[in-house]
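Engineer: quick one, structure for this:
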Amino acid sequence: MAKTPEQIRKWQRNRRKQYVKFIKEIKEYRGNKCLYCGYKKCIAVLVFHHRNPSQKKFKINVKCATRSRQKVIEELEKCDLICRNCHTEIHEKDWFNGKNQYSTVA
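Structural biologist: This is a model prediction of the structure:
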């Protein structure tokens, strides 16, 4: 039997909640702090950074809630938990040398 749009939305909301809980658990497992500077005031500021971008299959964000838990774990193994400031510093050279939309900053 086909699902109604409301049933689909309910499933999606539930899946997102499960994903958020899972990511919080992973952040706790990784110490709830930035690997580089030790920042730990707010876990929402901590992001997963792919050590080798050429091995990245997908970003770790809410959209990967549709992926299997095992696939997300495999992707997380390629990542470090770091704060957004350190993440920006890592990618600064890419952002200001024409590799993405921030290259037009004066």
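Engineer: list the contacts for the spatially most central residue of the chain?
Structural biologist: Closest to where the C-alpha atoms of the chain average out (CA atoms, centre = their mean) is Ile60, at 3.1 Å. Shown in contact with Ile60 (CB atoms under 8 Å, 6 or more residues apart in numbering): Ile23, Val47, Phe48, Val72, Glu75, Leu76, Cys79. From N, CA and C alone the C-beta is placed, and that goes for glycine too.
Engineer: look up phi and psi at it.
Structural biologist: phi -90, psi 100 (degrees, to the nearest 10).
Engineer: for Cys83, what are phi and psi?
Structural biologist: Per degrees, to the nearest 10, the backbone of Cys83 is at phi -80, psi 160.
Engineer: is it in contact with Val45, as I believe?
Structural biologist: Yes: judged on CB atoms under 8 Å, Cys83 makes contact with Val45 at a distance of 5.3 Å.
Engineer: now for the two: what residues contact both?
Structural biologist: Listed as contacting both Cys83 and Val45 by CB under 8 Å, 6+ apart are Tyr39.
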